[in-house]
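Chemist: with the sequence up front, the predicted model follows.
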Amino acid sequence: MNSGQSKKQIEIFTDGSCLGNPGPGGWAALLRYKGKNKMLSGQAKDTTNNRMELLAVIEALNGLKESCHIELYTDSKYVMDGAQQWMKNWKAKGWMRTKKDPVKNVELWKALDKALDQHQVNWHWVKGHSGHPENELVDEEARRQAELVDV
């Protein structure tokens, strides 16, 4: 893409769900471009809620075919704070929180770091289960995915 073109404007809404923690989990991401919606979702057999929240964002970003300007909505302070505040220090310390404390879910944080590199992302936190229509939609799909896991 040449610099004369403007990036596509995308809205992304993400959520993760886990039935037990750990337990069967699901994730969902709603991508919206020019009023058209596309739902991405998946599941994992033995996982945690934090892993599903991370995976929802990673899969949404990796699902885009080109660099985009993204308004990303999540109800996970863990993911949003990690991406905006903690990740820079973790990387500088070799993905360690302290000298003896490695970052949890490091492979997912590294994947998120790589995915974020491709896009311009503005983060928005929404309160979960508060009636936000798109958050409720991805919450329902993430839970449905978790319920589909064959345990």
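Modeler: Good, I have the coordinates.
Chemist: next one, pLDDT for residue 5 please.
Modeler: Looking at residue 5, its pLDDT stands at 63.
Chemist: where does the spatially most central residue of the chain fall, phi/psi-wise?
Modeler: What sits nearest the mean C-alpha location of the chain, by CA atoms, centre = their mean, is residue 57, with 1.8 Å. With angles defined as degrees, to the nearest 10, residue 57 sits at phi -70, psi -40.
Chemist: I figured it hits residue 14, correct?
Modeler: Yes. Using CB atoms under 8 Å, residue 57 is in contact with residue 14, at 5.1 Å. All C-beta atoms are positioned from the backbone trio N, CA, C, and that covers glycine.
Chemist: for the two, list the residues in contact with both.
Modeler: With contacts defined as CB atoms under 8 Å, 6 or more residues apart in numbering, the residues shared by residue 57 and residue 14 are 29, 72, 74, 79.
Chemist: next step: those restricted to strands.
Modeler: Those of the shared contacts of residue 57 and residue 14 mapping onto strands are 29, 72, 74, per DSSP state E.
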